[in-house]
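K.L.:
Provided below for reference: sequence and predicted model.
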Amino acid sequence: MKTIVWNILCLSIALLDSAEVPKRCSAPPHYPSTRLGNKWIGRRKFDSGESVSYKCAQDFVPYTGNLFVKCVNGAWTTLTLKCEKMSCGNVGDLPNGRFHYEGLSVIGEKVYALCNNGYTLKGPKYMICRRTGWTDEFPKCEEDDTTCSPPEVANSVRFSGAGDAIHRPGKKLTFSCRPGFLLDGPQHVTCSPSGQWEPKLPTCLLSPARQGDKQGGCSAPANFNESHANLAVKFITRTTFNPGERVWYTCDVGYSPVGGTRTRTCNSGQWTPLLLKCERKMCGSAGEIKNGRFIYTGAEFGDIATARCDNGFQLVGRPTRNCMSFGWDGHAPYCEVVMCDEPPEVANAERDRKDEAPYKYRSVVTYECRKGTLQGNKVIWCTENGTWSAPPLCREITCPSPNVPNASWTRAYITRYQPRDTITMGCRHGYTVVGASTVTCGGDGRWIPSLPKCIRASRRTKWQSQYAV
């Protein structure tokens, strides 16, 4: 017998020794653009099954993923939280001008103010995206009374502004020479705030004769702002071109060619027409948002898509995306279900335990009164605002003792009766019941039907009662 007990004891010890003890984890790893929650900073050891949370680093906001990682037998699960740099979004409209964005409007980047022709910039040339938003001072484009004198360049042709009588600061002119003449000087000049053309006006010089070629060369070709096409970079600095020479154009940033040819040819001192057509690039869909949607100003270059969540969901991430030359900037945010705190306690009531925390939008809780009568809705729900609908009350409602003169009833005398209690009343000898003899305590604290009365019976009433057929 001792041998059997000893063998069992040895086996139990061996099993305990062989049982695997969950391994602990060292400090959680570092992830780019995130940092560990303050309560866990400095700790070196964590038990298996313990969870910690991360948050986005300074100047970054979350746009997807989960905040938590868990220690599982000596190793941390992978963090899925993704953070992107905070953005100031669209700075707004600049009357009589426009804004040029340096990048995606993230912290530290600039947006430059550019005024239309005839308007002068007042205020800062640019605004900077800070953590609190765009810097406070907003630029303005104000009309300037200064003008430049009408330009006179012999043997030239002005491609823009030829018929204007007034040339205000910012006004640009483009020059080209007549056939047989070559442009000497800048092709483009601008009216400066001081009322001078800058750079100095060009001249048109007689083209030198070319052996075997009676056709003249061409001056620099013009740009056409309304077409959103610009001369290729390699040709910008040249002022003269040989007969038959070709140049080509490219579309502005955010525009794509949709037809025509991008080349022009120097022919008898004149450039062939520009047929290239450029249209704003399309960005298409800004993405799908589960439990939400995007509202678009459009889906072309310069348009904005704004995210909106369905009722009961809240936005996590940047709410807007801008259609850029490369497509929509940033990432699509997501809509997280609204959560409610623990349901309110109701005096003298118990609630069911079917729905446990966390309590999401439209979660319901049912109350039952331990004592008293329930007033209000027995079911409450988690609303779209993250609060519970109005809870009920449990009030103890009783009926008073049925003090009817000259009456008695079948139950023992008590001062208060509970709802649904029923009594049958009778009158003393010589009295007659008028009304219902059986009454019930109602839920509103009143007897139903109303209490009867006991009235004294007359002799005629007694005789009629005795001899009634």
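P.N.:
Received, thanks.

K.L.:
how about residue 406, nearest residue that isn't a chain neighbour?
P.N.:
Using CB to CB, 6 or more residues apart in numbering and skipping residues adjacent in sequence, the residue nearest residue 406 is residue 454, 4.0 Å away. (Each C-beta comes from the backbone N, C-alpha and C, glycine too.)

K.L.:
for the one you found, helix, strand, or coil?
P.N.:
When classified by DSSP: H, G, I helix; E, B strand; the rest coil, residue 454 comes out as strand.

K.L.:
likewise residue 234?
P.N.:
Residue 234 is classified as helix under three-state DSSP.

K.L.:
run a quick neighbour tally on it.
P.N.:
9 (other CB atoms under 10 Å).

K.L.:
hang on, the earlier thing: and the residue nearest to residue 406, what are its bridge partners?
P.N.:
Judged by DSSP bridges, the bridge partners of residue 454 are residue 433.

K.L.:
if I look at it, how far off is residue 403?
P.N.:
12 Å (CB to CB, to the nearest Å).

K.L.:
circling back: report the contact partners of the residue nearest to residue 406.
P.N.:
404, 405, 406, 407, 427, 428, 431, 432, 433, 434 (CB atoms under 8 Å, 6 or more residues apart in numbering).

K.L.:
I'd like the distance between the nearest residue to residue 165 once chain neighbours are set aside and residue 186.
P.N.:
Leaving out its chain neighbours, the residue that sits closest to residue 165 by CB to CB, 6+ apart is residue 150, at 7.7 Å. With distances taken as CB to CB, residue 150 is found 17 Å from residue 186.

K.L.:
quick check: residue 392 touching residue 344?
P.N.:
No: between residue 392 and residue 344 there is no contact under CB atoms under 8 Å: 10.1 Å.

K.L.:
out of the contacts of residue 454, who's the most crowded?
P.N.:
residue 427 (21 neighbours).

K.L.:
tell me where the stretch 351-469 of the chain has helices.
P.N.:
459-467 (DSSP state H, counting those that start in this stretch).

K.L.:
just for it, where's the confidence low?
P.N.:
353-355, 412, 459-469 (pLDDT under 70).

K.L.:
ok, 90 please
P.N.:
351-360, 362, 369-376, 385-386, 394-403, 407-426, 428-430, 437, 442-445, 456-469 (pLDDT under 90).

K.L.:
now the helices for this structure?
P.N.:
Using DSSP state H, the helices of the chain run over 2-18, 459-467.

K.L.:
for residue 418, give its distance to residue 441.
P.N.:
From residue 418 to residue 441 the distance is 6 Å (CB to CB).

K.L.:
now do the same end-to-end measure for stretch 62-74.
P.N.:
28 Å (CA to CA, to the nearest Å).

K.L.:
buried residues in it?
P.N.:
62, 63, 65, 67, 69, 71 (16 or more other CB atoms under 10 Å).

K.L.:
before we move on, back to that, more neighbours: which of residue 150 and residue 186?
P.N.:
residue 186 (17 against 10).

K.L.:
in space, what's closest to that one - neighbours in sequence excluded?
P.N.:
residue 199 (4.9 Å).

K.L.:
and residue 128, by the same measure?
P.N.:
Residue 128 sits nearest to residue 135 (CB to CB, 6+ apart), 5.1 Å away.

K.L.:
measure the one you found to residue 111 for me?
P.N.:
For residue 135 relative to residue 111 (CB to CB), the value is 10 Å.

K.L.:
quick check: neighbours shared by these two?
P.N.:
residue 127.

K.L.:
show the model's pLDDT score for the most centrally placed residue in the chain.
P.N.:
Closest to where the C-alpha atoms of the chain average out (CA atoms, centre = their mean) is residue 319, at 2.9 Å. For residue 319, the model assigns a pLDDT of 92.

K.L.:
so it is in contact with residue 304, correct?
P.N.:
No: if you go by CB under 8 Å, residue 319 and residue 304 don't touch, sitting 10.1 Å apart.

K.L.:
compare neighbour counts for residue 135 and residue 111 and give me the winner.
P.N.:
Just comparing residue 135 and residue 111: by other CB under 10 Å the higher neighbour count belongs to residue 111, 22 against 16.
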